[in-house]
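Asks: Test case, fold it:
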Amino acid sequence: MRHKKKVNHLSRKRGHRHAMLSNMAASLIMHKRISTTTAKAKALKVYIEPLITKAKEDTTHSRRQVFSYLQDKDATSELFRDVVERIGDRPGGYTRIIRLGNRLGDNADMCIIELVDYNEVMLADKSAATKSSKRRRRGGKKRSQEDETAPSTVTEEASDEKSVDDQPVAEASDEKSADDQPVAEASSEKSPEVENADELVKEAPAAEKKTEDTASADEPLKSDSSEEPEKGKEDESSEEKGKKE
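Replies: Numbering: from 1, shown residues only. Below you'll find the model as predicted:
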């Protein structure tokens with residue numbers, strides 16, 4: 001049982017273990033990701049993250065402390081110059097471990113350890129997810145409807161104000177129509193030529209009525225003339241009867 005054993009010795013002595021972790025930390029800073037076993041990656045995570053936190057303060061003392069662990073000038077300058085500018089806003093968790101499965105030779109558990117803000121693929125996926133995963137509350141539609149109705153009420157109020165403002169214009173138009181009445185009366189007075197034409201129109205129906213009256217008067221005459229021959233025939237028939245007798 002491993003009670004109170006926080007450090008994984010990795011089957012190495014202290015000098016060998018520190019030299020290996022120093023070399024791996026410098027390689028991670030320079031290349032931003034390395035492939036190793038999961039046990040070494042966990043030990044490296046504990047080793048390098050305090051160094052990145054110290055690199056946030058760019059002083060001579062902090063540079064000397066980091067260099068004592070890394071033992072590499074290029075890795076130290078890269079850490080203070082580029083890595084901290086990109087990772088310095090984080091409160092911790094500067095590295096990520098991605099499992100790869102077991103190695104073919106000795107079946108060791110393999111993984112990739114990398115600096116978090118240098119994986120462009122994952123950063124692109126996160127940006128796309130944040131853009132597509134925007135959630136809206138259910139009340140958003142109601143708010144939008146209220147926003148749509150609000151301008152309509154404002155326009156209605158404005159139209160009412162316009163109608164109130166237009167009332168004097170309507171009164172003025174009524175006054176104009178009242179002023180125009182004498183002109184209409186003057187136009188209603190007919191000229192003598194128009195009056196003569198009206199009289200002719202009136203006389204035409206009267207003439208038609210007269211012709212109808214004369215026609216009706218002639219009809220009895222025709223009927224009388226038609227009755228006279230009949231009476232003559234009756235007289236002749238009576239005379240013939242008398243002769244025969």
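Asks: alpha carbons only for contacts and neighbour counts from here, please
Replies: OK.
Asks: thought Asp72 was touching Ala26?
Replies: Yes: contact criterion CA atoms under 8 Å: Asp72 and Ala26 qualify, at 7.0 Å.
Asks: count of neighbours near the closest residue to Tyr69 other than its chain neighbours?
Replies: In this structure, Tyr69 finds its nearest non-sequential neighbour in Ser22, 6.2 Å apart by CA to CA, 6 or more residues apart in numbering. Close neighbours of Ser22, defined as other CA atoms under 10 Å, add up to 21.
Asks: For Asp72 and Ala26, work out which one has more neighbours and name it.
Replies: Counted by other CA under 10 Å, Asp72 and Ala26 do not tie: Ala26 has more neighbours, with 22 against 16.
Asks: Contact partners for the more buried one?
Replies: Contact analysis of Ala26 by CA atoms under 8 Å, 6 or more residues apart in numbering lists 70, 72, 75.
Asks: Which secondary structure state does it sit in?
Replies: With DSSP: H, G, I helix; E, B strand; the rest coil as the basis, Ala26 sits in helix.
Asks: Next one: it from Asn107, what distance?
Replies: To Asn107, Ala26 is 27 Å away according to CA to CA, to the nearest Å.
Asks: go on, Gly92?
Replies: Using CA to CA, we find Gly92 at a distance of 32 Å from Asn107.
Asks: So which of those two has more stuff around it?
Replies: In this view Gly92 and Asn107 are compared by other CA under 10 Å, and Gly92 has more residues nearby, 12 against 9.
Asks: Specify the local secondary structure of that one.
Replies: Recorded secondary structure, Gly92: coil (three-state DSSP).
Asks: do Arg99 as well
Replies: Once three-state DSSP is applied, Arg99 turns out strand.
Asks: residue contacts, it?
Replies: Going by CA under 8 Å, 6+ apart, Arg99 touches 38, 109-112.
Asks: Quick check: bridge partners of it?
Replies: Beta bridges link Arg99 to Cys111, judged by DSSP bridges.
Asks: those strands in this protein, which residues are they?
Replies: Listed in chain order, the strands of the chain (DSSP state E) span 33-37, 95-102, 109-115.
Asks: Serialize these to a markdown table and add fields for mean pLDDT.
Replies: Formatted as a markdown table, those follow (pLDDT from 0 to 100):
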| stretch | mean pLDDT |
| --- | --- |
| strand 33-37 | 96 |
| strand 95-102 | 96 |
| strand 109-115 | 96 |
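Asks: Highest mean neighbour count out of those?
Replies: Neighbour counts (mean count of other CA atoms under 10 Å) averaged over each of the strands of the chain peak at strand 109-115, with a mean of 20.
Asks: Can you give me the distance of Asp45 to Ala128?
Replies: Quick fix: residue 45 reads Lys, not Asp. Counting by CA to CA, the gap from Lys45 to Ala128 is 29 Å.
Asks: Name the residue in those two with the higher neighbour count.
Replies: The neighbour comparison of Lys45 against Ala128 (other CA under 10 Å) goes to Lys45, with 19 against 11.
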